[in-house]
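Student: Sequence and predicted structure, then a few things I'm wondering about:
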Amino acid sequence: MPDAIETDAISRRFGNQQAVDAVSMTVPAQSVYGFLGRNGAGKTTTLKMLLGLLRADSGSARVAGIDVATDRLAAARKIGALLEAQGFYRYLSGRDNLEITRRLLGCPASETARVLAVTDMTAHARRRVADYSLGMCQRLGLARVMLGAPAILILDEPTNGLDPEGIASVRTLLRELPDRTGVTMLVSSHLLGEVEQVATHVGILNHGRLVQEGDLASLRAGLATEIRCETDDPARAAQVAAAHGFTVKQDDEVVVAVLAPGEAPRPAAAALNRALCLAGLGVHHLAPRTRSLQHLYQQASAAGATDLETR
Amino acid sequence: MPRFRTALLVEYRKLSRSLAAVLVVVAPALVAAFLFCNLLRVGRAQPWDMWMMKAAAIWAFFMLPMSVTALTLLVAQVEHGPRTWSHLYALPVPRWHYGAAKIAWICAAVALMTGAAAVGSWLALHAAVALKPSAAPPQALHVARIAMLFASIYASSLLLIAVQLWLALRWHSFVPALAVGIGGTFFAVVASGAKIGMVLPWQIPVNMLAAPPRAHASLLLGSVGGLLVLAWLLIRFSRREVQ
């Protein structure tokens, strides 16, 4: 089975600005790929090149093994894309909006009811989109991308502008979709916490360059765990930890012992606690902390920024 | 393979519930309403052909260019307003289908409006004559001549349609197309005899009321030129990017 999406050194420039710079990304089939980067990092431009909305200056993009530049229609048949959550005819009802896309796709009439049910929008289908909340528009957008059951969904900032309840609702939907429908999802976002909860793979874009990519579990495993401890004498605690072989960072009252990547945190925490107590220090907080996607993102972004400066 | 007929039906579904449908009815109705009132006000008998020439002049001078400006803007803003281009262009549908469907419906709507302006004016004049029999036109209407006049006004307006549609699709804002449409109509009215009027898209339909050399040249430029510009527009429309 070919990868769902694959790009080879794809680039795009707007005037003097290099929006996307030789991005080679791989989205495995049936994965949920979190495409991360701050606003303006080049995420949407990359997605638009995948959809054939923008032409690449160089490089190539393949969707399910099909080159987007040479056979856009065949590639587009594999994809459902949500780029503009507000991209609806507001004077028409939700159902009528879906009907327009369904007819253009040539899907059977039953498809509209199916996607409305999947997104819990059946009850609101007859209302005009102008009367929808942002969350409802987002759900209608998700319903629209599912018309025809495409194998790949490309979702650009699907939780943008939603309130916490709306975000939770869309998150639940995104979590359930791969299991329910077997789709591959490429979800672009700058909300790391949200992506962390749904993604199996991530790619991090920084100033148009892909600075990190891989499956999330492996990337996390490669990150060092930290043990955060607070004692009655932070300076001495740092000395004791260092003497017992820990890499130590001290931040005011808090001492952080950084473990080697892959090192088991529980025995290390027990050893550190024992050493501190034997040294006569009063320990009032000691807890291992697995590093999150946030750390991974910051690390990759910092490395990308350094690389950019040296170029 | 998606069929062009589907794109036509989808475009109809979008436009039929927009304000475009209202415009198609209102614009020719205004011409008819004016002639109705005018005949009652003048009160004396004038030939049918004169009244219908007056209807054609009002339509070609002002209502047609303004209606084309408004209609092309409405058709373009249906997509520009809610930013639906990226959705449409990402679908597995040949992009020329969207452009050709829009062109087809605009051309059909302008044909319908031009026809409605002619028939509506004739009906309105009859209604006015019924109220004021003393103003009844003395001679029969030269139907073929008047029909040919309105048909040539329509055919010559293709260049105007192409230019206004290009402006409306090219810019997301409605202001450039509206400003050019109003400006073009203004110059067509205030400088109707100027030589430049031969090639000014907003004045070309009016030239159908002029003497043959000018009328024929304008008809050729407006119709054939319009078809060529529409073909060019369709090619550009299919190849453009969505940023």
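Tutor: Yep, that arrived.

Student: got the residues of chain B near chain A?
Tutor: Selection of chain B residues close to chain A by C-beta under 8 Å from any C-beta of the partner chain yields B:2, B:6-7, B:9-10, B:13-14, B:17-18, B:78, B:81-84, B:86-94, B:241-243. Bear in mind the C-beta positions are built from the backbone N, C-alpha and C, glycine included.

Student: hmm, try it at 6 Å
Tutor: Proximity of chain B to chain A (C-beta under 6 Å from any C-beta of the partner chain) is limited to residues B:2, B:6, B:10, B:82-84, B:86-87, B:89-93, B:241-242.

Student: Name the member of these with the most neighbours.
Tutor: The most crowded member of the residues of chain B next to chain A is residue B:87, carrying 26 neighbours; neighbours defined as other C-beta atoms under 10 Å in any protein chain shown.

Student: For chain A, which residue gets nearest to chain B?
Tutor: Of all residues in chain A, residue A:76 sits closest to chain B, at 3.9 Å by C-beta to the nearest C-beta.

Student: How confident was the prediction at that residue?
Tutor: pLDDT for residue A:76: 93.

Student: Spit out the contact partners of the residue of chain B at minimum distance from chain A.
Tutor: In chain B, the residue that lies nearest chain A is residue B:92 (3.9 Å; C-beta to the nearest C-beta). Shown in contact with residue B:92 (C-beta atoms under 6 Å, 6 or more residues apart in numbering or on different chains): A:73, A:76-77.

Student: Give the residue farthest from the middle of chain A.
Tutor: Computed with C-alpha atoms, centre = their mean, the residue of chain A farthest from its C-alpha average is residue A:280, at 45.8 Å.

Student: Could you look up the SS state of that residue?
Tutor: coil (DSSP: H, G, I helix; E, B strand; the rest coil).

Student: Doesn't residue A:8 lie inside a helix?
Tutor: No. Under three-state DSSP, residue A:8 falls outside any helix and is assigned strand.

Student: Would you quantify the distance from the nearest residue to it once chain neighbours are set aside to residue A:74?
Tutor: Excluding the flanking residues, the one nearest residue A:8 by C-beta to C-beta, 6 or more residues apart in numbering or on different chains is residue A:60, at 5.0 Å. Distance, residue A:60 to residue A:74, by C-beta to C-beta, to the nearest Å: 15 Å.

Student: just residue A:199 next, same as before
Tutor: 27 Å.

Student: Look at these two and report which has more neighbours.
Tutor: The neighbour count for residue A:199 versus residue A:74, taken as other C-beta under 10 Å, is higher for residue A:199 (24 against 15).

Student: How much space separates the more buried one from residue A:296?
Tutor: If you go by C-beta to C-beta, the gap between residue A:199 and residue A:296 works out to 11 Å.

Student: likewise residue B:241?
Tutor: 33 Å.

Student: Could you list the low-pLDDT ranges of chain B?
Tutor: B:1-2 (pLDDT under 70).

Student: mind listing the helices for it?
Tutor: B:4-16, B:20-42, B:48-58, B:64-80, B:85-90, B:95-131, B:143-156, B:158-170, B:175-190, B:212-220, B:226-239 (DSSP state H).

Student: and for the last one, what are the contacting residues?
Tutor: Right, helix B:226-239. B:95-96, B:99, B:103, B:158-159, B:162, B:166.

Student: gap between it and the chain center?
Tutor: 18 Å (C-alpha atoms, centre = their mean, to the nearest Å).

Student: Next up, the contacts around residue B:10.
Tutor: Counted by C-beta under 6 Å, 6+ apart, residue B:10 has contacts A:100, A:103-104.

Student: Reformat those as a markdown table; add secondary structure and pLDDT.
Tutor: Output for the contacts of residue B:10, formatted as a markdown table (DSSP: H, G, I helix; E, B strand; the rest coil; pLDDT from 0 to 100):
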| residue | secondary structure | pLDDT |
| --- | --- | --- |
| A:100 | helix | 94 |
| A:103 | helix | 94 |
| A:104 | helix | 93 |
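
Student: So which of those residues reach chain B?
Tutor: A:100, A:103-104.

Student: Can you tell me which residue is spatially central in chain A?
Tutor: Short answer for chain A (C-alpha atoms, centre = their mean): residue A:34, at 2.3 Å.

Student: which ones are touching it?
Tutor: So residue A:34 contacts A:187, A:195, A:199, A:202 (C-beta under 6 Å, 6+ apart).

Student: what's the answer for residue B:149, then?
Tutor: residue B:56.

Student: One more pass at 8 Å, please.
Tutor: B:52-53, B:56, B:208-209 (C-beta atoms under 8 Å, 6 or more residues apart in numbering or on different chains).

Student: picking up where we left off before, so which of the ones next to chain B among the contacts of residue B:10 is the closest to residue A:130?
Tutor: residue A:100 (15.7 Å; C-beta to C-beta).

Student: Ignoring the adjacent residues along the chain, who's closest to the closest one?
Tutor: Closest to residue A:100 by C-beta to C-beta, 6+ apart is residue B:10, at 5.3 Å.

Student: Tell me the spacing between that neighbour and residue B:38.
Tutor: Counting by C-beta to C-beta, the gap from residue B:10 to residue B:38 is 41 Å.

Student: ok, the residue lying farthest from the centre of chain B - contacts?
Tutor: The C-alpha centroid of chain B is most remote from residue B:134, which lies 34.2 Å away (C-alpha atoms, centre = their mean). Counting by C-beta under 8 Å, 6+ apart, residue B:134 touches B:43-45.

Student: Dump stretch B:209-220 to CSV, restricted to CA.
Tutor: Provided in CSV are the C-alpha atoms of stretch B:209-220 (Å, rounded to 0.1, in the frame of the first residue of the first chain):
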residue,chain,number,x,y,z
LEU,B,209,-29.5,52.0,-32.9
ALA,B,210,-27.1,53.9,-35.1
ALA,B,211,-26.7,54.0,-38.9
PRO,B,212,-25.4,50.7,-40.6
PRO,B,213,-21.6,51.2,-40.8
ARG,B,214,-21.3,51.9,-37.1
ALA,B,215,-23.9,49.4,-36.1
HIS,B,216,-22.4,46.6,-38.2
ALA,B,217,-18.9,47.2,-36.9
SER,B,218,-20.1,47.4,-33.3
LEU,B,219,-22.1,44.2,-33.7
LEU,B,220,-19.1,42.3,-35.1
